[in-house]
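Asks: kindly generate the corresponding structure for this input.
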Amino acid sequence: MNGATVVVVGSGGREHALCLSLDASAKVETIHCVPGNAGTAQLATNHALGVKVDAVIDLVVELEADLVVVGPEAPLCEGLADACESVGIPCFGPVAALAHLEGSKLHAKQTMGEAGVPTAAYKRLDAHSDIEAALDDFAGDPWVVKRDVLAGGKGVVVTSDRDEAKTFIELSIKSDGFVLLEAFLPGEEASMLVVMDGTAYRTLPASQDHKRAYDGDEGPNTGGMGAYCPAPVVSPSVHEKIIQRIVEPMHEHLSSQEIPYRGVLFIGLMIDQHDDPYVVEFNVRFGDPECQVTLPLLKTDMYSLLHGAATDGLADVELELHAGSAVTVVLASEGYPASPIKGRSLDGLASLVAKTTYGQSWVNFAGVSTDANGKFIASGGRVLSCTALGEDLLSTQQLAYQLMSKIQLEGGHFRTDIAHRAID
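Replies: Residues are numbered from 1 along each chain as shown. Got it, this is the predicted structure:
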């Protein structure tokens, strides 16, 4: 039997991580990436098509792909999984109706209510709402305001400044028609990735992201400046609560749909002082950079896991894990997240990539492309991440930072305290 042909959709660090893990599978012969980046180009054939549904479907049919793996949420919300279903090609990623869990915060809240999943209280505010009264109801803690649109992880404001909260509410109502105001959930954040289909679910190790731009959790929110896995805040007892209160009710709900959920459900969690878990958000794809630290810890063949979920065969796939920890540290362009400066050279990267090994220490490419001379340049806000896998968290963290020290990007910045909560 010939090896499988896999198409990975997306262009970020997550997609490079997916390509690396699929490339390690003996069951995969060829990988194609749409549109990919300079990292995926070393493992796969990149196709500069964008991620429009029709163009992707034309390609996967032409390639006679055995599996489509969708990285970002937008193509799923636009119906890429539905289109794959219509042409008989397995897709790892939910159909549009179920991708709405991420596409609409209100829908996610309503679904959690139906399934009895613990989450923060909220109010839906529109042009007819009494905004001042709503702010009063949630006064005493920071206000949490969420737009009900896909915003690349940046449609949320958490602030103790009443005027800032009110302004964001008013602007969101003007642009979107309505907005959600939520009660603040105190505690420690964590993320859990759950691969599921109509037959079973498999929970991957919990991780912890670092959203703020600068050390000490200071500065503006970003798409994520680094992560580590596993996260000790999710103790065995907390893990059991997450399974019983969140994962099982959601899987029961999602697997009962006409077309069951086939893909990964990202659960953003808040663990409170009583070790009780609450859902902050759902995403319908692997998190970035959580993906970069979770996939390397899986001993289970990646193609078997993803193809199993895409074909309702997950019940037959056993999840095995490597011991140890993984850490990834993101290098961002000057000006990120507000206005990143692109086009600057990444000195030292080419020689570093030639010396590193996936599964030990390596570089995940994100916003990296090549110039006319074939040299690596920064082409995005989050440029790359240095990732390491090791026996203990401290030595693994040090290994990731050793890699970072060998890369030079003018004006580039990275946090120096990734994984501090678990080490300090």
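Asks: what residue lies at the spatial centre of this structure?
Replies: Geometric centre of the chain, nearest residue: G287, 1.0 Å, by CA atoms, centre = their mean.
Asks: in this structure that one contacts G224, no?
Replies: Yes - using CB atoms under 8 Å, G287 is in contact with G224, at 7.3 Å. Just so you know, the C-beta spots here come from the backbone N, C-alpha and C atoms, and that holds for glycine as well.
Asks: anything in contact with each of the two?
Replies: D209 (CB atoms under 8 Å, 6 or more residues apart in numbering).
Asks: can you list the weak-confidence ranges in the stretch 151-300 of the chain?
Replies: Confidence mapping of the stretch 151-300 of the chain against pLDDT under 70 gives the ranges 151-154.
Asks: counting contacts, what elements does the longest helix anywhere in the chain pack onto?
Replies: The longest helix of the chain (DSSP state H) is helix 162-176. Judged by 3 or more CB pairs under 8 Å, 6 or more residues apart in numbering; DSSP states H and E, helix 162-176 is in contact with strand 122-126, helix 131-137, strand 143-147, strand 156-159, strand 178-182.
Asks: and the ones you listed: which comes nearest V329?
Replies: strand 156-159 (23.4 Å; CB to CB).
Asks: and the gap between D215 and G223?
Replies: To G223, D215 is 17 Å away according to CB to CB, to the nearest Å.
Asks: of these two, give the one with the bigger neighbour count.
Replies: Between D215 and G223, G223 has the larger neighbour count (other CB atoms under 10 Å), namely 22 against 15.
Asks: I'd say the more buried one and P337 touch.
Replies: Yes - between G223 and P337 there is a contact under CB under 8 Å: 7.3 Å.
Asks: part of a strand, is E189?
Replies: Yes - E189: assigned to a strand according to DSSP: H, G, I helix; E, B strand; the rest coil.
Asks: that one touches D209, doesn't it?
Replies: Yes - between E189 and D209 a contact is recorded at 7.2 Å, counting by CB under 8 Å.
Asks: looking at the two, which one has more neighbours?
Replies: Ranked by neighbour count (other CB under 10 Å), E189 and D209 place D209 first, with 25 against 17.
Asks: so what does the more buried one look like in phi/psi?
Replies: phi -90, psi 170 (degrees, to the nearest 10).
Asks: what's the domain layout of this structure?
Replies: As assigned by automatic domain parsing, the chain contains the domains 4-95, 123-182, 188-423.
Asks: return the most buried member of the ones you listed.
Replies: Mean neighbour count, computed with mean count of other CB atoms under 10 Å, is highest for domain 4-95 among these, reaching a mean of 21.
Asks: so how far is that domain from its chain's centroid?
Replies: 16 Å (CA atoms, centre = their mean, to the nearest Å).
Asks: let me see the contact set for T45.
Replies: T30, I31, H32, C33.
Asks: pull up the gap between the nearest residue to D82 once chain neighbours are set aside and I259, please.
Replies: Nearest in space to D82, with sequence neighbours left out and distances taken as CB to CB, 6 or more residues apart in numbering, is V95 at 4.8 Å. V95 sits 5 Å away from I259, taking CB to CB as the criterion.
Asks: hey, what's in contact with both of the two?
Replies: E85.
Asks: show me what contacts the spatially closest residue to T370 that is not a sequence neighbour?
Replies: Once flanking residues are discounted, T370 sits nearest to A38: 5.5 Å by CB to CB, 6+ apart. Neighbouring residues of A38 by CB under 8 Å, 6+ apart: F365, V368, S369, T370, F376.
Asks: equivalent analysis for P232, please.
Replies: P232 neighbours (CB under 8 Å, 6+ apart): A422.
Asks: helix, strand or coil for it?
Replies: Quick answer, by three-state DSSP: P232 is coil.
Asks: can you tell me how far it is from V327?
Replies: Applying CB to CB to P232 and V327 gives a distance of 13 Å.
Asks: ok, now how distant is P230 from T167?
Replies: Using CB to CB, one obtains 39 Å as the distance from P230 to T167.
Asks: one more: A108?
Replies: As judged by CB to CB, A108 and T167 stand 24 Å apart.
Asks: just G313 next, same as before
Replies: From G313 across to T167, the span is 50 Å (CB to CB).
Asks: make sure V61 is indeed in a helix.
Replies: Yes - the assignment for V61 (three-state DSSP) places it in a helix.
Asks: quick one, what contacts it?
Replies: V87, I89.
Asks: now do the SS call for the residue nearest to T370.
Replies: Applying three-state DSSP: A38 is coil.
Asks: pLDDT at it, what is it?
Replies: Reported pLDDT at A38 in the predicted model: 97.
Asks: next one: N2
Replies: pLDDT at N2 comes out at 81.
Asks: can you map out the helices along the stretch 201-350 of the chain?
Replies: Secondary structure of the stretch 201-350 of the chain by DSSP state H, counting those that start in this stretch: the helices cover 236-242, 248-255, 290-294, 302-310, 349-355.
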